[in-house]
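1. Generate a structure from the sequence data that follows.
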Amino acid sequence: MKIDVIIPVYKPEKRFLELISRLEKQTLKPNRIIIMNTEEKYFEALLYGTDFAREHPNAEVHHLSKWEFNHGGTRNDGAARSTGDIFVCMTQDALPADNRLLEELTAALSAEEDIAVSYARQLPEKDSGEIEKYTRQFNYPEESCVKGKGQLPEMGIKTYFCSNVCAAYKKEVFRKLGGFERHVNFNEDMLFAAKAVQAGWKIAYCAGAKVYHCHNYTCAEQFHRNFDNGVSQAQHPEVFKGLPSESEGVKLVKQTAAHLCSIHKPWLVLRLFAESAAKYAGFFLGRRYKSLPAGVVRACAMNKDYWKQV
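-> Now for the predicted structure:
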């Protein structure tokens, strides 16, 4: 099977070049690396003095304006350029943990006919804080699993959980199901996963496929990010209605607090509560964005450009 990798890029740093290098060293090598770059000037600044095209002949770069970028639409455009049987979506700040990432990630798609999507385990960085480390462990455990309609009563909203930080898609299934929601500010991966599950397909979590990826967000950034999440859920009641996310959030906070106490760092519980309050406030307002003035919505959003397109 031919595999292409699609990476939306904005203001890339040296870590992005390391990602390209690690992809090229995989045991299962990508056929093409399709880079969907927002604003050419930032990409050119990173590559100044290098010959990127010669050094990475299987990488192709497509530039777009900031106005044109969209979480779902830009990835759809990348998928349309793919000639592979499978394409892998990645973000510019994810790094393969080893050279078997693509092999492990796509194995489930090759072995099981009814699996439409597989996604990788996200590992914290060495310098990640304790809260971020535990959050990664909570959301990305050591055990792999396959999720479908049969898991909805038990797993609820986590049945649809998927992450385009590193996820592989069967291109033909992706095409038949209509691809990602084109105009979306968040959750394009979960929305597609939900559509696939409802159509009878399954989602595979592949713990053996590992990437380093984490964010040490401030409380303000947590607020803005979760506001966008709340907006996305409010805009898609056909997916999220009846499958509340709050219970999973409460479970995460309780388990993280217990973990922090068990490792004798109870003072971090205060930070956990502050971050959790910011997350919930953002999510609460995002779910009710239609009742807010337009200026308040833009002020609360992380992806402010999205609202210029609405």
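2. Pull the distance from the helix or strand hosting Phe192 to the chain's centre.
-> Using DSSP states H and E, Phe192 sits in helix 188-198. From the chain centre to the centre of helix 188-198 is a distance of 13 Å (CA atoms, centre = their mean, to the nearest Å).
3. After that helix, which helix or strand is next? Please name it.
-> strand 202-212.
4. Packing partners of that following strand?
-> Secondary-structure packing of strand 202-212 (3 or more CB pairs under 8 Å, 6 or more residues apart in numbering; DSSP states H and E): strand 95-96, helix 101-111, strand 115-123, strand 145-147, helix 188-198. Just so you know, the C-beta spots here come from the backbone N, C-alpha and C atoms, and that holds for glycine as well.
5. quick one on the thing from earlier: excluding its own residues, what touches the helix holding Phe192? List them.
-> Outside helix 188-198, the residues that touch it by CB atoms under 8 Å, 6 or more residues apart in numbering are 71-72, 75, 89, 116-117, 119, 147-149, 152, 159-164, 167, 169, 173-174, 177-181, 184, 202-203, 232, 236, 239.
6. That helix - what's its average pLDDT?
-> Across helix 188-198, pLDDT averages out at 96.
7. Report the inter-axis angle for that helix versus strand 202-212.
-> 150 degrees (axes from the mean of the first three to the mean of the last three CA atoms, to 10 degrees).
8. Pull out the buried positions in helix 188-198.
-> 188-197 (16 or more other CB atoms under 10 Å).
9. Tell me the one among those nearest to Ala97.
-> Taking CB to CB as the measure, Asp189 is the one of the buried residues of helix 188-198 closest to Ala97, at 19.9 Å.
10. What's the separation between that closest one and Pro57?
-> 29 Å (CB to CB, to the nearest Å).
11. And for Leu101?
-> Distance, Leu101 to Pro57, using CB to CB: 21 Å.
12. Next: Glu181.
-> 33 Å.
13. Check Glu104 too.
-> Glu104 is 25 Å from Pro57, where distance means CB to CB.
14. Tell me which of those two has more neighbours.
-> Taking neighbours as other CB atoms under 10 Å, Glu104 and Pro57 compare with Glu104 leading, 22 against 10.
15. show me the residues around that one that make contact.
-> So Glu104 contacts 120, 206, 208-210 (CB under 8 Å, 6+ apart).
16. hmm, try it at 10 Å
-> By CB atoms under 10 Å, 6 or more residues apart in numbering, Glu104 lies in contact with 27-28, 96, 98, 118, 120-121, 144, 168, 206-210.
17. again, but for Ala108
-> Here Ala108 is in contact with 115, 117-119, 144, 146, 168, 202-206, 208-209 (criterion: CB under 10 Å, 6+ apart).
18. For those, which two are the farthest from each other?
-> Between any two of these (CB to CB), the greatest distance is 17.4 Å, for Lys202 and Gly208.
19. what's the burial count for the closest residue to Leu105 other than its chain neighbours?
-> Leaving aside its sequence neighbours, Leu105 sits nearest to Ala209 (CB to CB, 6 or more residues apart in numbering; 3.8 Å). Neighbourhood size, Ala209 [other CB under 10 Å]: 28.
20. likewise Trp267?
-> 8.
21. Compare Lys202 and Gly208 and say which one has the larger neighbour count.
-> Taking neighbours as other CB under 10 Å, Lys202 and Gly208 compare with Lys202 leading, 22 against 16.
22. how close does that one sit to Leu19?
-> 28 Å.
23. residue ranges with poor pLDDT in the stretch 1-150 of the chain?
-> Applying pLDDT under 70 to the stretch 1-150 of the chain flags no residue at all.
24. Cheers, nothing more for now.
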